[in-house]
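In: need coordinates for the below:
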Amino acid sequence: MEIACALLGEDTLALDSVEIAERTERALRELEGIGAAVESERPGEVFFALDGLRGLHGGDAAGVLRAARAAIGAAVRIASGPTRFDAWLRASGRRAPVPVSALAGRLGVSEREGAELTAALRRLGIETLADLAALSPDRIADRFGPVGLRALRLARGEDDPPQPRAAHEELAADLELPEGAAGAQLDRALELLVDRLLADPRRRGRTVLALRLGALLSAGGSWSVDQGLARPTASALALRSVLGPRLEALPGPASSLRLRALSLGPRVGDQLELSLRGEEHRRRRLGEAIREVRAAQGGEALLEVLPLDPRSRFPERRAVLTPTAPSR
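Out: Now for the predicted structure:
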């Protein structure tokens, strides 16, 4: 098996952790778009196997790597090797002899433990991966235990294969905010985001299990918070009720909001009820009609007016059109 490692560009070092994670997620989605099964344990780096992709992209590894670079569309370093660790070394630009310090962050332990191990190896005169690979497993196990044996395996070119994540579609909604939006305006913006997310046809009637609410801050930087749900739901009211209090943690004015579904559950099922009052029956029939129209004409076929800032002197800020979300 040949493994490729893609490292995002040097400019990511100047970004905050939220933006790096967003860029990594975009890279993962783009690589999934060319057929790759991707894995990412750290922001800024992605692994994927070349097996099965050669026939789709020119018949060789070089064609796959070219397609990967074109898909990500940003400064990226990509290289391949027989293992994840070897591919990472090549993508990082490391050349033989590779110092044992390269192992520090790749051992599945804390950075401190990794640094302590590599420092101990160097004190014993073991300066390179080649020096480490020449030692016997018994000697390493006696001296350094399981983490030492993990280092020895990597030095000898032995590594676990990638564990790709399950590919999924992007399901998110974005909204630009008027300058100085706060209070009721943010509540209306959240209502709009939830309606747009639930109206997205890619949801295909499935419930939501977890969400990420994020924002770009007017003063620069970004903010996000993950929200799990006690049970699967497709209720706009339920989603707004759990996300609304989260907006209070915004560290400053925001220029835009973004809502992303991190995990989707089963489709919404009809439940048996002993009785339905007239108003409940009307809402259910209305919801069914909305779903039928949207299925036939698209997610933007039915819109409703959502007030944002009725007192604003700018007409475009007083209200917006949002997809009508059927009651669940």
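In: okay, strands next: where are they in the stretch 201-328 of the chain?
Out: Assigned by DSSP state E, counting those that start in this stretch, the strands in the stretch 201-328 of the chain fall at 206-217, 222-233, 254-267, 303-307, 319-323.
In: angle of the third one against strand 222-233?
Out: Right, the one you point to is strand 254-267. When axes from the mean of the first three to the mean of the last three C-alpha atoms, to 10 degrees is applied, the directions of strand 254-267 and strand 222-233 differ by 20 degrees.
In: CA-only coordinates of strand 254-267 in PDB, if you can.
Out: Extracted in PDB, the C-alpha atoms of strand 254-267 (Å, rounded to 0.1, in the frame of the first residue of the first chain):
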ATOM      1  CA  ALA A 254     -19.400  39.100  14.400                       C
ATOM      2  CA  SER A 255     -19.400  39.800  10.700                       C
ATOM      3  CA  SER A 256     -20.900  36.500   9.700                       C
ATOM      4  CA  LEU A 257     -22.400  33.300  11.300                       C
ATOM      5  CA  ARG A 258     -22.100  29.700  10.100                       C
ATOM      6  CA  LEU A 259     -24.000  26.700  11.100                       C
ATOM      7  CA  ARG A 260     -22.800  23.200  10.200                       C
ATOM      8  CA  ALA A 261     -24.400  19.800  10.800                       C
ATOM      9  CA  LEU A 262     -21.600  17.600  12.200                       C
ATOM     10  CA  SER A 263     -23.600  14.400  12.400                       C
ATOM     11  CA  LEU A 264     -27.000  13.400  10.900                       C
ATOM     12  CA  GLY A 265     -29.300  10.800  12.400                       C
ATOM     13  CA  PRO A 266     -32.100   8.600  10.900                       C
ATOM     14  CA  ARG A 267     -34.900  10.100   8.900                       C
END
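In: just the buried residues of it, please?
Out: Buried residues in strand 254-267, counted by 16 or more other C-beta atoms under 10 Å: A254, S256, L257, R258, L259, R260, A261, L264, G265. For every residue, glycine as well, the C-beta is placed using N, CA and C.
In: please report the distance of the fifth one from R90.
Out: What that stands for is L259. 38 Å (C-beta to C-beta, to the nearest Å).
In: ok, now the last one?
Out: With distances defined as C-beta to C-beta, the gap from G265 to R90 amounts to 40 Å.
In: same deal with the first one?
Out: Distance from A254 to R90, counting by C-beta to C-beta: 40 Å.
In: which helices and strands sit right next to the strand or helix carrying A27?
Out: Per DSSP states H and E: A27 is located in helix 17-33. Secondary-structure packing of helix 17-33 (3 or more C-beta pairs under 8 Å, 6 or more residues apart in numbering; DSSP states H and E): strand 3-8, strand 38-39, strand 45-49, helix 61-72, strand 222-233.
In: any idea of the mean pLDDT in the third one?
Out: Along strand 45-49, the predicted local confidence has a mean pLDDT of 95.
In: so which of the strands of the stretch 201-328 of the chain is the most packed in?
Out: Each of the strands of the stretch 201-328 of the chain was scored by mean neighbour count; the highest is strand 206-217, a mean of 20, by mean count of other C-beta atoms under 10 Å.
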